[in-house]
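# Provided below for reference: sequence and predicted model.
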Amino acid sequence: MTEQSLAQDLAGVLRDPDPNARQLALMELDDLSDPELVRPLIEAVKDADPTVRALALGHLEDLGDPSAVPAVLGALEDEDAHVREAAATALREFRGPEAARHLIAAVAHARPFVRASAVVALRELRDGRAVAPLEGALGDPEPEVRREVVLALAYLRRPETAPALRALLRDPDAGVRQVAVGALEAVGALGEPETVDEIVALLSDPDWRVRVEAAIVLGRSAHGRAAPALRRALDDAAWQVRKESALALGRLRAAAAAPDLVTMLASPTPDLRKAAAQALGELRAAAAEAPLRGLLADIDVEVRKAAARALEAIQTGAGRHETLARN
């Protein structure tokens, strides 16, 4: 193909009856500086050969011309899974108000995959006009779509979306509840005691992944009101929840949890010994020095490092207190 008429040459080759020739033309297309290429590539998205369709979508992704958004949205309904995935990937690269307009309209599409893909693309755009349509989509019948909507609202970081997101903490889908916890942190809702209380309640959620997320976020909430529930979570059936609860108690400086954390130092699970040591270091728990010294010979190198750091923190804290007392 000649540089002077690249778009015309491509359009001609894409009419070749041999799909291999059409594929080769797209695979050899490396100069995407000509905006006129958008038109033949959009036509190629309707090609009979799925490889041609996928290759065309990849080039449209690179061009990022918003006029291609309707064609790419249409490809989300393609019969071929690879083409659908190529379309979903391409959508995330389109920018500008025109692209946002098409994507916002697609949030109400009949097919769940199209709705979810449009929401993911809107997340990347961070367009404020999408807030209201996204809030409306929090009631979507498909859990996958609701999860993507929650993540998109988290990206937008609008505090006014907190009430709608808080309602998703009671969603029937565990994945939605999990991402809703993180989204509430992202929009700055952890300063509200009622939000913290609702996340605390999730430490008893039936799904361990939700409980883990709740413990992580509560540890960053700076709310001491979460500490009693986190102490109870140190007995959770899932070791991952026990680990994150221990770390959260350390971040919250929950001194009353020190005896529980000392007990955890004897856990057969290395990650739990490490988490307990780290938390005790943050608490500057002088009473934990002896058991922490015992971990300096632990079989796990990460546990040994955590114990050494905790002892250093405790000793530094003790030294500071002695200096203040003398002064």
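In hand now; what should we look at?
# Where does the prediction get shaky in the stretch 201-327 of the chain?
Low-confidence segments of the stretch 201-327 of the chain, defined by pLDDT under 70: 318-327.
# at 50 what do you get?
319-327 (pLDDT under 50).
# show me where it has helices.
Assigned by DSSP state H, counting those that start in this stretch, the helices in the stretch 201-327 of the chain fall at 208-219, 227-232, 239-251, 258-264, 270-283, 289-294, 301-326.
# Indicate which one of those is closest to residue 147.
Among the helices of the stretch 201-327 of the chain, helix 208-219 comes nearest to residue 147, with 12.4 Å by C-beta to C-beta. To be clear about C-beta, it is placed using only N, CA and C from the backbone, and glycine gets the same treatment.
# List the buried residues in that closest one.
Within helix 208-219, the residues scored as buried using 16 or more other C-beta atoms under 10 Å are 210-219.
# just those now: which is nearest residue 29?
Residue 29 has its nearest neighbour among these in residue 213, at 44.2 Å by C-beta to C-beta.
# got the contact list for that closest one?
Residue 213 is in contact with 178, 181-182, 202, counting by C-beta atoms under 8 Å, 6 or more residues apart in numbering.
# Go through those residues and flag which are in helices.
178, 181-182 (DSSP state H).
# Now for the contacts of residue 213: which two are most distant?
Most distant of the contacts of residue 213, by C-beta to C-beta, are 182 and 202, 11.6 Å apart.
# And these two? Which one has more around it.
Neighbour count, other C-beta atoms under 10 Å: between residue 182 and residue 202, residue 202 has more, with 23 against 16.
# That one - nearest residue in space that isn't next to it in sequence?
Distances taken as C-beta to C-beta, 6 or more residues apart in numbering put residue 214 closest to residue 202, at 4.0 Å, once the chain neighbours are dropped.
# which residues touch that neighbour?
With the criterion set at C-beta under 8 Å, 6+ apart, residue 214 makes contact with 181, 199-200, 202-203, 205.
# would you list those residues in CSV and tack on distance to residue 106?
Compiled in CSV, the contacts of residue 214 are given as follows (distance: C-beta to C-beta, whole Å):
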residue, distance to residue 106
181, 27
199, 32
200, 37
202, 32
203, 37
205, 32
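# Name all residues that make contact with residue 299.
By C-beta under 8 Å, 6+ apart, the residues touching residue 299 are residue 270.
# do you know how far it is from residue 224?
35 Å (C-beta to C-beta, to the nearest Å).
# Quick check, pLDDT for residue 25.
Here, the pLDDT recorded for residue 25 equals 89.
# Next up, identify which helix or strand it is on.
Per DSSP states H and E, residue 25 falls inside helix 19-27.
# and the residue nearest the centre of the chain, what does it touch?
When C-alpha atoms, centre = their mean is applied to the chain, the residue found nearest the centroid is residue 151 (6.7 Å). Contact analysis of residue 151 by C-beta under 8 Å, 6+ apart lists 120, 123, 179, 183.
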